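> task: produce atomic coordinates for the following.
(one chain, ligands or ions: 1)
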Amino acid sequence: MRDRIARFMIGRNGQDQLNIFLLVAALVLMVLGAIFRTSIGSFFSGVALALLLLTWFRMLSRNLLRRRAENERFLRWQYKVTGKLRSLKTRWDQRRDYRFFTCPACRTTLRVPRGRGKIRIVCRKCGSSFTRKS
Ligand SMILES: [Zn+2]
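Residues are numbered from 1 along each chain as shown. Have a look, this model is predicted:
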């Protein structure tokens with residue numbers, strides 16, 4: 001039986017990170033659908049079902065090039081989101097000691113110590129400067 005499944009899966013996409021994410025999303029929506037027993041609940045259940053069908057389709061798909069490109073795009077997006085969340089957490093953890101500014105020229109986030117009064121901040125990345133209260 002396991003052999004037959006293994007043979008069946010040859011040349012197919014199988015599981016990837018995007019599918020796992022879609023499965024978790026479907027699970028969350030199913031739980032929400034069970035909690036809200038109104039039209040919004042059935043909407044959640046409907047989307048969950050669509051996501052489940054999508055994961056099945058992606059798992060059994062033979063178009064590996066396409067599926068890998070999708071997964072690649074998902075991983076890049078995930079990397080960006082987790083990086084943003086991590087930097088927000090760092091800012092929150094350091095909020096007592098530092099102030100954060102965005103460079104008006106290159107949009108880089110700059111960190112300066114709090115309580116130094118009005119200071120001239122020089123961007124380490126592009127060298128432009130601006131004055132702010134720390
Ligand atoms: Zn800059």
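
> switch to C-alpha atoms for all contacts and neighbour counts from now on
OK.

> quick one, what contacts residue 23?
Counting by Cα atoms under 8 Å, 6 or more residues apart in numbering, residue 23 touches 51-52, 55.

> just give me the closest of those to residue 8.
Checking those against residue 8 by Cα to Cα gives residue 55 as the nearest, at 16.7 Å.

> for this structure, what spans make up the strands?
Secondary structure of the chain (DSSP state E): strands at 98-102, 109-113, 118-122, 129-133.

> still on that earlier bit, most neighbours among the contacts of residue 23, which one?
Of all those, residue 55 has the most neighbours under the rule other Cα atoms under 10 Å, reaching 22 neighbours.

> which helix runs longest in this protein?
What stands out as the longest helix in the chain, according to DSSP state H, is helix 64-93.

> and the angle for that one with strand 109-113?
20 degrees (axes from the mean of the first three to the mean of the last three Cα atoms, to 10 degrees).

> got the residues of the protein near the ion?
Contacts of the chain with the ion, taken as Cα under 5 Å from the ion, map to 103, 106, 123, 126.

> helix or strand with the lowest mean pLDDT in the chain?
helix 2-9 (a mean of 90; mean pLDDT, DSSP states H and E).

> using PDB, write out every CA atom in it.
Output for helix 2-9, consisting of C-alpha atoms alone and laid out as PDB, is shown next (Å, rounded to 0.1, in the frame of the first residue of the first chain):
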ATOM      1  CA  ARG A   2       2.700   2.500   1.000                       C
ATOM      2  CA  ASP A   3       4.600   1.400  -2.100                       C
ATOM      3  CA  ARG A   4       1.700   2.200  -4.300                       C
ATOM      4  CA  ILE A   5       1.300   5.600  -2.800                       C
ATOM      5  CA  ALA A   6       5.000   6.300  -3.200                       C
ATOM      6  CA  ARG A   7       4.800   5.200  -6.900                       C
ATOM      7  CA  PHE A   8       1.700   7.300  -7.400                       C
ATOM      8  CA  MET A   9       3.500  10.400  -6.000                       C
END
